[in-house]
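Visitor: Need coordinates for the below:
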Amino acid sequence: MSNTASTNPSIQYAANLYNVREVTLHGTADLSFWQAVLDAEELLPYHENGKAVLLLSAIDAKWRGFKFKEFVIAVGVCNTEDGTSLDGYYLPHAFNSSKLLAFSERVFFKTPYFQGNIRLQNRIPAFIKLQDRAEVLLHAEMSMPDRSPIVEYLEWRGPIFLPNKRGKFFAILSGEAEIYPFSSEVDTFDIKPSADHKIFQQLIESNFTGSVWVLRSKSRHAKSKTYNRDFDI
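Guide: Predicted coordinates:
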């Protein structure tokens, strides 16, 4: 499905970014918690070993000469109840370093973007830091690894679903990646509840735990316009 989506001529890509710097922390959380959230969205969770699968990703990119940073939180979804295939993502919350771009995302693409101060470093020791005004909402940082990374080309293509059934867009995420295990003993992962951004309380309540870090220096991020949920290819 995802390969078809990315090559179908009816898909209009509104942005196609190259040489994107990226730090992504993949992790797991309580399946029952996210099952209930996704049920309200008429979506089914993708899961591994009885856990929902999430990613927290920060990028540093340039679009038409305009530099910006993004931070997104996404939950894996599946087309079938068995939850065995990663067929897309649900995007409950996201941030952009530009107030203008965050506003444009909400108005023109119906996406749940807010303005935030985002810092990232995609070399060792890699980190992601997100602030809303002076308040640090998330700080995730690698310790110095004791082994060499797995290096491989990773590519994902498929739909990303928006909250409140507002629609979906299609994305391409690809590039050579350095993959390191997340260590709960020595790596840092701190999040703070926020009255303005309930996603952080949801991460706490669902017991989000990191599993692997993925670092990319020259990745490609493509994003389509937003389609209705019932749009099919």
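
Visitor: Tell me the first helix or strand C-terminal of the lengthiest strand in the chain.
Guide: In the chain, taking DSSP state E as the definition, the longest strand is strand 13-30. Counting by DSSP states H and E, the next helix or strand C-terminal to strand 13-30 is helix 31-40.

Visitor: Now do the buried residues in that following helix.
Guide: Neighbour-count burial for helix 31-40 flags 31, 33, 34, 37, 38 (criterion: 16 or more other C-beta atoms under 10 Å). Backbone N, C-alpha and C define where each C-beta goes, glycine included.

Visitor: one step back: so how far is the longest strand of the chain from its chain's centroid?
Guide: Computed by C-alpha atoms, centre = their mean, to the nearest Å, the chain-centroid distance of strand 13-30 equals 6 Å.

Visitor: Compute the number of surrounding residues for the residue nearest to residue 199 when sequence neighbours are not counted.
Guide: Residue nearest to residue 199 in three dimensions, not counting chain neighbours: residue 93, with 3.9 Å by C-beta to C-beta, 6 or more residues apart in numbering. Using other C-beta atoms under 10 Å, residue 93 has 19 neighbouring residues.

Visitor: do the same with residue 84
Guide: Using other C-beta under 10 Å, residue 84 has 12 other residues around it.

Visitor: And the closest residue to it other than its chain neighbours, how close does it get to residue 44?
Guide: Spatial nearest neighbour of residue 84, chain neighbours left out: residue 78 (6.8 Å); criterion: C-beta to C-beta, 6+ apart. Remark: distance between residue 78 and residue 44 (C-beta to C-beta, to the nearest Å) = 5 Å.

Visitor: hang on, the earlier thing: so the residue nearest to residue 84 makes contact with residue 53?
Guide: No. Taking C-beta atoms under 8 Å as the definition, residue 78 is not a contact partner of residue 53, at 9.7 Å.

Visitor: Can you classify the residue of the chain most remote from its centre by secondary structure?
Guide: Going by C-alpha atoms, centre = their mean, the residue of the chain most distant from its centre is residue 146, 26.6 Å out. Three-state call for residue 146 (DSSP: H, G, I helix; E, B strand; the rest coil): coil.
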